[in-house]
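1. please work out how this folds:
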Amino acid sequence: MKFSKKISCESCELKCDIYSSLTRNGAIPSMVKPLHAHFKKHDVICKQGTDVTHAIFLVKGSAKLYIEGLNNRNIILYLLKPPAYIGLLCFFDNPEYSYSVSALEESEVCFIELDLVKKLYMENHDLLLNLNKAFGKSVTAIMKKIISLNQKQIRGRFAENLIYLSQINDNHVFNLNLTRKEVGEMIAISEENAVRLFTEFSNENIISVKGRDIEILDMPLLKKISEVG
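-> Residues are numbered from 1 along each chain as shown. Okay, the predicted model is just below:
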């Protein structure tokens, strides 16, 4: 991780809701005083069990949000791509992170003092609505994950996950920046089972796998497998 104080809100590539809300209401964005950080692939952005001190905004790259389980058995709840808040679920309730977030590739994030965000949240109607909307999306993603893990068989969960990866990449053809182990962690199966399912779906001409490049060949069938579970 490498910090930089040279990047201000005005020069940032991606303007977050905090900046937009401030400028819309005539406030001075310089009061935010963000801390910009660059993370390498696999770097931990926030760690389960550590104190929540900042609001974190993903500006560039991608990350995974996951629960660290026993015996190094993790469950990835969802993936993050800009614009995205990191740690939003712990902003106002839990003093410690109840999950971890790590970079899936070279990524940039913005750290903003949590006390300032709380103050703006109470005073700025636009920011309140935007943060509530983002919070709702996070909760919805976790609820869907719980339902999938509890009610679907392995093939159904795998199909659902391929659809999710296609949607988050906005394409039926995408580069998988996850390891087979991480794919398994998204649907609570072993790395070996993940490898086996990639082979099965490829042999059935549902997907094409060439290294890390995945192409969904039969989306209707994939959705059917996901629905049947």
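2. max-length helix in this protein?
-> Ranked by residue count, the top helix of the chain under DSSP state H comes out as helix 125-151.
3. from the chain's centroid, how far away is it?
-> 12 Å (C-alpha atoms, centre = their mean, to the nearest Å).
4. mean confidence score for whatever helix or strand comes next after it?
-> Going down the chain from helix 125-151, the next helix or strand is helix 154-169, by DSSP states H and E. In this model, helix 154-169 has a mean pLDDT of 96.
5. do I have it right that D51 meets E96?
-> Yes - counting by C-beta atoms under 8 Å, D51 touches E96, with 6.0 Å between them. (Glycine included, C-beta is placed from N, CA and C.)
6. ok, residues contacting the helix or strand harbouring Y66?
-> In this structure, Y66 sits in strand 63-67 according to DSSP H and E. For strand 63-67, contacts defined as C-beta atoms under 8 Å, 6 or more residues apart in numbering pick out 45, 48, 74-80, 84, 86, 98-104, 107, 178, 182, 185.
7. out of those residues, which are buried?
-> Applying 16 or more other C-beta atoms under 10 Å to the contacts of strand 63-67, the neighbour count classes 45, 48, 74-80, 84, 86, 99-104, 107, 178, 182, 185 as buried.
8. quick one: contacts for E204?
-> The neighbourhood of E204, defined by C-beta under 8 Å, 6+ apart, contains no residues.
9. can you tell me how far it sits from L221?
-> To L221, E204 is 8 Å away according to C-beta to C-beta, to the nearest Å.
10. shared neighbours of those two, anything?
-> By C-beta under 8 Å, 6+ apart, no residue touches both E204 and L221.
11. related to what we said a few turns ago, tell me, what's touching D51 and E96 both at once?
-> The contact sets of D51 and E96 do not overlap (C-beta under 8 Å, 6+ apart).
12. before we move on, back to that, among the contacts of strand 63-67, which are in helices?
-> E182, E185.
13. any low-confidence regions in the chain?
-> Counting by pLDDT under 70, the ranges of the chain that qualify are 3-8, 10, 24-32, 91-93.
14. point to the residue nearest the middle of the protein.
-> L80 (2.2 Å; C-alpha atoms, centre = their mean).
15. quick check, I86 in contact with I56.
-> Yes - look at I86 against I56 with C-beta under 8 Å: they come within range, at 3.9 Å.
16. and the chain, what are its domain boundaries?
-> 2-125, 150-228 (automatic domain parsing).
17. distance to V139 for these - can I get that in CSV?
-> Listed next are the domains of the chain as CSV, based on distance: least, C-beta to C-beta, whole Å:
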stretch, distance to V139
domain 2-125, 8
domain 150-228, 16
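18. mind checking which of those domains is nearest A141?
-> domain 2-125 (4.5 Å; C-beta to C-beta).
19. span of that closest one from start to end?
-> 34 Å (C-alpha to C-alpha, to the nearest Å).
20. picking that back up, now the strand holding Y66: buried residues?
-> A63, K64, L65, Y66.
21. the first one bridge partners, please.
-> Beta-bridge partners of A63, counted by DSSP bridges, are L80, A103.
22. which of the buried residues of strand 63-67 lies closest to E200?
-> Looking across the buried residues of strand 63-67 and measuring by C-beta to C-beta, the closest to E200 is K64, at 24.2 Å.
23. check the gap between the nearest residue to S202 once chain neighbours are set aside and L22 for me.
-> In this structure, S202 finds its nearest non-sequential neighbour in V209, 4.9 Å apart by C-beta to C-beta, 6 or more residues apart in numbering. Distance of V209 to L22, computed by C-beta to C-beta: 46 Å.
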